[in-house]
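S.K.: From the sequence below, what's the structure:
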Amino acid sequence: MKRSIALILFFSFGIALFAQDVAPADTTAASADTVVVPKPQYWTTTLTTQIGFSQLSLTNWATGGYGSISLNTFAGANANYKREKLIWDNQLQVGYGFIQSFEDGYKKSDDRLILDSKVGYKAVETLYISALFNLRTQFAQGHEKGNLVSDFFTPAYVSLGFGVDYKPFRNFSINISPLTGKTVMVKNPELRTKYGNREDQFCRFELGAQIKVDGKIDVENFKVVSSLTLFSDYLNKPQNVKVFWDVNADAKITRFFSVTLRTNLIYDDAIKFLDKKDKQGNLILDDNGKPIKVPGVQFKELFSIGLSYTFGNKK
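M.R.: Now for the predicted structure:
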């Protein structure tokens, strides 16, 4: 709990240390007849911070229920560089949330750390030779029915791909990386087989092809950002495509309040967490009498209303 509170404080208040707008160029003229050309700005940066809170208290409530408090925090930072034929796009997403039930105790509701970095060099008008880096993991332990199911760097996904980036529009791109290396790291030995690693294997390497589609709609007080990643492993069942799809939608109510919807969809045939059942719904057991685990589609949706503010020199 102390660790979670520290994370919340970090997101809510510490992030303000990085919320510095880029200083404007000095355009003061030496004289009335002198024209000073503004210094070129190659970087555009933004930082969006969000925090939502809810509290429920019940006293002699006939229909039942549990009192609880919940808190969700999110910070999204972008730092993009463009100069002549060179582009370098960077995005960091950090989120954490919890529900403290007065009956069921503490439960994590959101936990993410996602870093994307893409370097491209223009070959033709809308096509760039590119390299794409991605890191995806979480901060804290996660539990399900009292059992540990995740932890920091358990799992963590790190990938580096080389290919081309097609940008027909300012807010839309398709990155095709036929040569992509991906590392799956699971720090906790007890959870390695759950995420496809052997019990003695901290890192598992995958080599394959990746397609990443990024899009954004930004109209007045409404913004939707979508990121879809498809990966096929040449070394192990390339027909089983791994899917990561993140969608963030924000609608401004006032300058400081907004409605937020964030969804995450994951399919990875190496992550086996569902009990295998027959047509009658009965569990299928292995030779040791334990339920056989199979992969499935994972989906998470988070809806909140709360404080939101964006800093930066976004253009």
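S.K.: from here on, contacts and neighbour counts on C-alpha atoms
M.R.: OK.
S.K.: Tell me where the stretch 1-150 of the chain has strands.
M.R.: With strands called from DSSP state E, counting those that start in this stretch, the stretch 1-150 of the chain shows them at 43-56, 68-83, 86-101, 105-124, 127-137, 142-144, 147-150.
S.K.: Tell me which of these sits nearest to P238.
M.R.: Nearest of those to P238, taken as CA to CA: strand 127-137 at 20.2 Å.
S.K.: Could you identify which of the strands of the stretch 1-150 of the chain has the lowest mean pLDDT?
M.R.: The minimum mean pLDDT among the strands of the stretch 1-150 of the chain belongs to strand 142-144 (a mean of 88).
S.K.: Can you list the buried residues in that strand?
M.R.: Using 16 or more other CA atoms under 10 Å as the test for burial, strand 142-144 gives G142.
S.K.: residues in contact with it?
M.R.: When contacts are defined by CA atoms under 8 Å, 6 or more residues apart in numbering, strand 142-144 is touched by residues 107-108, 148-151.
S.K.: returning to that earlier point: dump the strands of the stretch 1-150 of the chain into JSON lines; add distance to F169 as well.
M.R.: Shown next, in JSON lines, are the strands of the stretch 1-150 of the chain (distance: least, CA to CA, whole Å):
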{"stretch": "strand 43-56", "distance to F169": "17"}
{"stretch": "strand 68-83", "distance to F169": "15"}
{"stretch": "strand 86-101", "distance to F169": "14"}
{"stretch": "strand 105-124", "distance to F169": "14"}
{"stretch": "strand 127-137", "distance to F169": "11"}
{"stretch": "strand 142-144", "distance to F169": "39"}
{"stretch": "strand 147-150", "distance to F169": "38"}
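S.K.: Could you list the single helix or strand in this structure with the lowest mean pLDDT?
M.R.: helix 2-12 (a mean of 47; mean pLDDT, DSSP states H and E).
S.K.: Grab the nearest non-local neighbour of the residue nearest the centre of the chain.
M.R.: Nearest residue to the geometric centre of the chain (CA atoms, centre = their mean): I114, 4.2 Å. Excluding its sequence neighbours, the residue lying closest to I114 (CA to CA, 6 or more residues apart in numbering) is R136, at 4.6 Å.
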